[in-house]
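Participant: My questions are about this predicted structure, shown below with the sequence.
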Amino acid sequence: MQVIEAGFSANGKKFALVVARFNSFIVESLLSGATDTLQRIGNVAEQDITIIRVPGAFELPLAVQRVAASKKYDGIIALGAVIRGGTPHFEYVSGECTKGIAQVMMQYDIPVAFGVLTVDSIEQAIERAGTKAGNKGCEAAMSTLEMVNLLTKL
Ligand SMILES: Nc1c(NC[C@H](O)[C@H](O)[C@H](O)CO)[nH]c(=O)[nH]c1=O
Ligand SMILES: CC(=O)[C@@H](O)COP(=O)(O)O
């Protein structure tokens, strides 16, 4: 039996974080978690981390696509927070965001982490942005570190 798995150390690798400004009071906590994880767990140098800001989650896929097409990065992390309102808008924003990001990952063969909260309430968002349910920015960074290393082995 052969098992292929990868670790988290990514010194020398380059990462882009594409960050939605909408619901910034939540998303900034995801960003802190992600950069902290890249640096402390992945041993990624500060100068190897680029932060790109977009208006909202709906705009994430296009910016992620440009970043992937640039071929300057080993991994990409998309961060945002879509919080359900009173109309069907939530479904459209979160659906297009998810689909677009997944398409870029497959088309460009580069790890793109989905660090976008899709939640029913502000309380749920707060819980996942560094309080009782952890920090989804950290989780997104961990998965990117692992995938960047895994792809070098496949
Ligand atoms: N309602 C949320 C949005 N809406 C804005 C869209 O993402 C987009 O910027 C606008 O429709 C212009 O194209 N964005 C979020 O990130 N989170 C939301 O909860
Ligand atoms: C996620 C959304 O699109 C959202 O917050 C919009 O709120 P509403 O449906 O009340 O307009």
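Facilitator: All right, it came through fine. Ligands and ions are numbered 1, 2, ... in the order given.

Participant: quick one, what contacts residue 35?
Facilitator: Residues near residue 35 by C-beta atoms under 8 Å, 6 or more residues apart in numbering: 17, 49, 51, 141. No exception for glycine: its C-beta is placed from N, CA and C like everyone else's.

Participant: what about the residue nearest to the second one when sequence neighbours are not counted, distance to residue 111?
Facilitator: The shortest distance from residue 49 to any residue that is not its chain neighbour, by C-beta to C-beta, 6 or more residues apart in numbering, is 5.4 Å, and that residue is residue 15. In this structure, residue 15 and residue 111 are 10 Å apart, going by C-beta to C-beta, to the nearest Å.

Participant: what touches both of those two?
Facilitator: 74, 75, 76, 144.

Participant: Now the first one. Its backbone dihedrals?
Facilitator: What it means is residue 74. Dihedral angles of residue 74 (phi, psi; degrees, to the nearest 10) stand at phi -90, psi -30.

Participant: Let me know the secondary structure of the residue in the chain that ligand 2 sits nearest to.
Facilitator: Going by C-beta to the nearest ligand atom, ligand 2 is nearest to residue 85 of the chain, at 2.0 Å. Of the three states, residue 85 takes coil under DSSP: H, G, I helix; E, B strand; the rest coil.

Participant: Against ligand 1, which of the shared contacts of residue 15 and residue 111 make the cut? List them.
Facilitator: Filtering the shared contacts of residue 15 and residue 111 for proximity to ligand 1 by C-beta under 6 Å from any ligand atom leaves nothing.

Participant: from those residues, which ones fall inside helices?
Facilitator: Counting by DSSP state H, the shared contacts of residue 15 and residue 111 place residue 144 in helices.

Participant: want to throw the shared contacts of residue 15 and residue 111 into a markdown table with pLDDT?
Facilitator: Listed next are the shared contacts of residue 15 and residue 111 as a markdown table, based on pLDDT from 0 to 100:
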| residue | pLDDT |
| --- | --- |
| 74 | 98 |
| 75 | 98 |
| 76 | 98 |
| 144 | 98 |
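
Participant: before we move on, back to that, of residue 15 and residue 111, which one has the most company?
Facilitator: Shown here are residue 15 and residue 111; by other C-beta atoms under 10 Å, residue 15 has more neighbours (25 against 22).
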